[in-house]
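Visitor: Give me coordinates for this.
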Amino acid sequence: MSDQVILINDNGARVQASITMDERGISLHSRGRTIRNVDYRVALELMISRLDNAGIDYNIFFDGIAKQNLPLSSRQHFFDRKATVQERFDAIAEAGGAYRRLLITAPGVSPVELRVAIGAVAVANEIVRLSARDLRKVTTTHIQSAVQRLLNGDDAPNFAPSRDYDAFTETGTPLAPKKVFGLALEEALGIEAYPGHFSAGWGQICFELLEEAGLWITPKKEGVARPKPDPKKVESELVGFAPTEEERSWIEGNPKIVSHLQRERAAGLAKEKRDAFIAEHKRLFCEDCKLDPVERYGTAGAACIEVHHHGTHIANMQPGHKTSMEDLKCLCANCHRVLHRKLALGIHLG
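Guide: Next up, the predicted model:
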């Protein structure tokens with residue numbers, strides 16, 4: 001387990017960089033757009049300068065998420081120990097490691113000795129839970145930014161990989177809900193976020209905001225199943241909409257898909273999508289399984305191609321939102337029903 005530490009400069013002020021220590025050594029985390037990492041270069045140059053002054057022999061390794069599965073020996077950065085600290089930083093940058101996560105090891109030196117040598121102090125363990133008002137300052141934009149950072153290889157090192165839940169992106173990529181919300185919280189409030197700042201789970205603000213931003217949360221083996229919605233909420237969603245028996249079962253699993261089904265029933269949109277699809281591809285076929293219904297069933301087979309509104313449930317559309325053709329997808333009846341069932345279960349594969 002790693003411990004967060006604070007690096008103190010020669011004037012006694014905190015260096016704004018995210019640094020953790022464990023039995024391997026020192027981890028300097030990648031520079032993001034939040035307050036925690038703005039002094040990345042200052043921190044690295046200060047630490048290697050102090051290690052030099054302490055006469056400690058150390059090694060530097062690239063330690064980003066994309067490289068962590070590789071043997072440590074294959075990601076070592078070899079540097080000229082006689083070069084200045086500025087030249088050593090530039091050499092790391094030239095090797096493609098600028099502002100990326102680094103691991104600094106010092107064989108034979110204990111973690112305590114190493115922490116003292118670099119002039120770091122341990123972070124206090126007491127974290128105050130944030131108010132609902134502060135948590136709700138996290139917007140869809142903050143969450144989408146956090147998702148993109150994680151997809152690009154950044155990490156939220158203060159949060160462990162998820163054991164109980166996955167938050168699926170619109171393309172079906174699973175992310176740890178707490179990592180996503182933690183990064184979004186840092187961007188929204190300009191703080192360094194920790195697990196103690198908020199709770200995650202059904203009925204919590206964290207999950208509510210993640211799903212409003214378009215992520216679909218599903219429990220893992222150890223997670224708690226999604227609670228059944230309040231029957232009154234289901235009925236309120238059905239005002240002005242008459243679902244089929246099959247659609248009602250989907251809605252009872254996830255009331256949010258009512259607006260999705262309503263949009264799919266807009267005949268004008270469906271016809272416009274089919275016409276545009278035929279103009280582009282010269283025929284109708286299922287975009288998922290590639291079934292060509294006319295080839296299989298004859299000219300009447302085109303009737304089994306339906307239009308799926310695959311963008312609606314991802315973006316929380318505001319009143320007056322105009323659907324584009326990119327929001328629509330041509331699916332055969334079988335693929336369409338399977339996808340709706342997944343939506344009801346809170347699973348979306350894009």
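Visitor: Sketch out the low-pLDDT regions of this structure for me.
Guide: Under the criterion pLDDT under 70, the flagged ranges of the chain are 1, 32-36, 124-126, 229-230, 233-268, 309-327, 343-350.
Visitor: before we move on, which element is the residue positioned nearest the centre of it in?
Guide: Centrality entry for the chain: nearest residue to the mean C-alpha point is Val147, 3.2 Å, by Cα atoms, centre = their mean. Under DSSP states H and E, the secondary-structure element containing Val147 is helix 140-151.
Visitor: For the stretch 151-300 of the chain, which segments count as helices?
Guide: Assignment of helices within the stretch 151-300 of the chain using DSSP state H, counting those that start in this stretch yields the ranges 177-189, 205-212, 231-237, 245-253, 258-264, 267-281, 293-297.
Visitor: now the first one, how far from the centre of its chain.
Guide: It refers to helix 177-189. If you compare the mean C-alpha spot of helix 177-189 with that of the full chain, they lie 9 Å apart, counting by Cα atoms, centre = their mean, to the nearest Å.
Visitor: picking that back up, tell me which residues are up against the helix holding Val147.
Guide: Residues external to helix 140-151 that are found in contact with it (Cβ atoms under 8 Å, 6 or more residues apart in numbering): 32-33, 156, 169, 173, 175, 179-185, 187-188, 209-210, 212-215, 316. Where you see a C-beta, it was placed from the backbone N, CA and C, and this is true even at glycine.
Visitor: Going through the residues you listed, which ones are buried?
Guide: Buried by 16 or more other Cβ atoms under 10 Å: 32, 156, 169, 175, 179-185, 187-188, 209-210, 213-215, out of these.
Visitor: from what I can see, Leu103 looks like it's in a strand, true?
Guide: Yes - looking at Leu103 with DSSP: H, G, I helix; E, B strand; the rest coil, it is inside a strand.
Visitor: thought it was touching Gly64?
Guide: No - look at Leu103 against Gly64 with Cβ atoms under 8 Å: they stay out of range, at 9.9 Å.
Visitor: more neighbours, these two?
Guide: Set side by side, Leu103 and Gly64 show unequal neighbour counts under other Cβ atoms under 10 Å, the larger going to Leu103 at 22 against 18.
Visitor: and the closest residue in space to Ala91 that isn't next to it in sequence, helix, strand or coil?
Guide: Of all residues not flanking Ala91 in the chain, Phe79 sits nearest, at 5.5 Å (Cβ to Cβ, 6 or more residues apart in numbering). Under the three-state scheme (three-state DSSP), the conformation of Phe79 reads as coil.
Visitor: Pull the number of nearby residues for Phe79.
Guide: By other Cβ under 10 Å, neighbour count at Phe79 equals 16.
Visitor: likewise Ser162?
Guide: Applying the criterion other Cβ under 10 Å, we find 20 residues in the vicinity of Ser162.
Visitor: next one: the one 4 residues further on
Guide: For Asp166, the neighbour count with other Cβ under 10 Å is 18.
Visitor: got it, and Pro71?
Guide: Other residues near Pro71 number 8, with proximity taken as other Cβ under 10 Å.
Visitor: how far away is it from Cys286?
Guide: Pro71 sits at a distance of 44 Å from Cys286 (criterion: Cβ to Cβ, to the nearest Å).
Visitor: Touching stretch 288-305 from outside, list them.
Guide: Identification of contacts with stretch 288-305 by Cβ under 8 Å, 6+ apart yields 274, 283-286, 330-335, 339.
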